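S.K.: Predicted structure and sequence below. I'll ask about it afterward.
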Amino acid sequence: MLALQNDAGMVVRVCDVGASLASIRVPDRHGESGEVLLGFDTREAYLDNPNYFGTTVGRYAGRIGQGRLRLDGGEFRLHPNLGDHHLHGGPSGFSHRPWATDGLVRTADGLPEVAFSLHSPAGDQGYPGNVDVSVTYRLEADNRLRILFRGSTDAPTHLSLTNHAYFNLAGRGEVGEHRLRLAARRYLPLGEGAIPTGELRAVDGTAWDFREGKALFRDRPSYDHCFLVDRWQTRANDPQECAWVVEPVTGRTLTVATTLPGIQFYTPDFDAGTSGRGPDGYHGREGFCLEAQFLPDSPNHPHFPSTRLDPGAEWEHETVFAFGTE
């Protein structure tokens, strides 16, 4: 694993397997450094990572119903790995493969960064086109971790990458006291198999309304839903702040900004002894995800933001995780 650090007390470890975020340590309001990312202590553990802790997910983040990928009037059948459905790039997606890296922490504009790359051949998990992708992690002086995603293809295809980080700003224990605010007026209702129905429903008067901020589980015991980020269309080349989290005991805060149109808010309930950092692993509602991504099942919903990628175009997006205290 490789480590990036700055002078503000933030240390980030990354792993070539899945181009994964393996550890993030940041100070609390008293200046005490602590772990805020769920994951593993060894590289080998990321080879068997069913919960996608910290991984780069692709070729497609989220679910694609019945594994049907529609393109130019035709249909490609993707490899299923969730019943009949296709999840996070299939049974052998980008998240569990070693990515290429030179193994060096380089400096760009005075900031430490690490880059990973991966080639995905035509037909990989059923997808058309040869695709080349890269992920760069850059740690900034003000405790911002910038993730830059790029992708290109030699034939029309679909692409949607995300980082599947699980956070706990207290370090361990249930995350129910974390407070979340989301700049999202609409979310995606789900049908059979947790596949989006195609509706973009207003959050007004529902448990999915986080616009004013509230404790994670105030209105529901769990979430696994995608939200459409407000105003993302008008700032496509500038990461838009869209999610804010605060943990009241440590005072740690997390702000998520992205150029992507969706945020998948996921709160798992781990079985006791779920494999993870430390001898006891994880159990219960011990983490949450805010996955910046395109909307699930977009290729089958023409009114969703398009994930189509054509030859000569570059798929380029950024997500920024900014940490602080209050």
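M.R.: It's in.

S.K.: okay, CA-based contacts and neighbour counts for the rest of this
M.R.: Noted.

S.K.: Can you classify A257 by secondary structure?
M.R.: strand (DSSP: H, G, I helix; E, B strand; the rest coil).

S.K.: Secondary structure element holding the residue nearest to it when sequence neighbours are not counted?
M.R.: Excluding its sequence neighbours, the residue lying closest to A257 (C-alpha to C-alpha, 6 or more residues apart in numbering) is E241, at 3.9 Å. In this structure, E241 is located in strand 240-246 according to DSSP states H and E.

S.K.: Show me what that strand is packed up against.
M.R.: The helices and strands touching strand 240-246, judged by 3 or more C-alpha pairs under 8 Å, 6 or more residues apart in numbering; DSSP states H and E, are strand 179-182, strand 252-258.

S.K.: would you list the ones you listed in TSV and tack on mean pLDDT?
M.R.: Below are the helices and strands packed on strand 240-246 laid out as TSV (pLDDT from 0 to 100):
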stretch	mean pLDDT
strand 179-182	98
strand 252-258	98
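
S.K.: closest to A165 out of those?
M.R.: strand 252-258 (11.7 Å; C-alpha to C-alpha).

S.K.: for the closest one, packing partners?
M.R.: With contacts taken as 3+ C-alpha pairs under 8 Å, 6+ apart, strand 252-258 sits against strand 240-246, strand 315-325.

S.K.: now those in TSV, with distance to D7, mean pLDDT and mean neighbour count?
M.R.: Listed next are the helices and strands packed on strand 252-258 as TSV, based on distance: least, C-alpha to C-alpha, whole Å; pLDDT from 0 to 100; neighbours: other C-alpha atoms under 10 Å:
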stretch	distance to D7	mean pLDDT	mean neighbour count
strand 240-246	23	97	23
strand 315-325	14	97	20
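
S.K.: Quick one, which of these gets closest to L118.
M.R.: Closest approach to L118 among these (C-alpha to C-alpha): strand 315-325, 14.1 Å.

S.K.: number of nearby residues for the closest residue to D154 other than its chain neighbours?
M.R.: Distance criterion C-alpha to C-alpha, 6+ apart; nearest residue to D154, sequence neighbours excluded, is P311 at 4.9 Å. When neighbours are defined as other C-alpha atoms under 10 Å, P311 has 14 of them.

S.K.: Quick check: which ranges of the stretch 201-326 of the chain have low pLDDT?
M.R.: Within the stretch 201-326 of the chain, the ranges that satisfy pLDDT under 70 run 234-236.

S.K.: related to what we said a few turns ago, of the helices and strands packed on strand 240-246, which is nearest A8?
M.R.: Across the helices and strands packed on strand 240-246, closest to A8 is strand 252-258 (C-alpha to C-alpha), at 14.0 Å.

S.K.: Downstream of that closest one, the next helix or strand is which one?
M.R.: strand 262-266.

S.K.: So in that sheet, which strands flank that next one, and in what orientation?
M.R.: Applying DSSP bridges, strand 262-266 is found paired with strand 224-228 (antiparallel), strand 289-293 (antiparallel).

S.K.: mind listing the strands for the stretch 51-200 of the chain?
M.R.: In the stretch 51-200 of the chain, the segments counted as strands under DSSP state E, counting those that start in this stretch are 56-57, 63-64, 68-71, 74-77, 86-87, 106-108, 111-120, 131-139, 144-153, 157-158, 162-163, 179-182, 186-187.

S.K.: List of residues touching the fourth one?
M.R.: Strand 74-77 is contacted from outside by 67-70, 126-128, using C-alpha atoms under 8 Å, 6 or more residues apart in numbering.

S.K.: I'd like the average pLDDT over it.
M.R.: Mean per-residue pLDDT for strand 74-77: 94.

S.K.: re earlier: my guess is the residue nearest to A257 meets V256, correct?
M.R.: Yes - assessed by C-alpha atoms under 8 Å, E241 is found in contact with V256 at 5.8 Å.

S.K.: returning to that earlier point: need the contacts of strand 74-77 in a markdown table (columns: neighbour count, pLDDT and distance to S95).
M.R.: Converted to a markdown table, those look like this (neighbours: other C-alpha atoms under 10 Å; pLDDT from 0 to 100; distance: C-alpha to C-alpha, whole Å):
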| residue | neighbour count | pLDDT | distance to S95 |
| --- | --- | --- | --- |
| G67 | 24 | 97 | 18 |
| R68 | 21 | 95 | 21 |
| L69 | 22 | 95 | 20 |
| R70 | 17 | 91 | 23 |
| G126 | 18 | 98 | 16 |
| Y127 | 23 | 98 | 16 |
| P128 | 22 | 98 | 19 |
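
S.K.: which one of these sits closest to G287?
M.R.: G67 (28.4 Å).

S.K.: what residues are up against that closest one?
M.R.: So, once contact is read as C-alpha under 8 Å, 6+ apart, G67 ends up touching 77-80, 84-86.

S.K.: ok, back up a step: for the strands paired with strand 262-266, which one sits closest to R97?
M.R.: strand 289-293 (19.7 Å).

S.K.: quick revisit: among the contacts of G67, which ones are buried?
M.R.: 78-80, 85-86 (16 or more other C-alpha atoms under 10 Å).

S.K.: How much space separates the residue in the chain sticking out farthest from the centre from N300?
M.R.: The outermost residue of the chain relative to its centre, with distances by C-alpha atoms, centre = their mean, is G73 at 30.0 Å. Distance, G73 to N300, using C-alpha to C-alpha, to the nearest Å: 12 Å.
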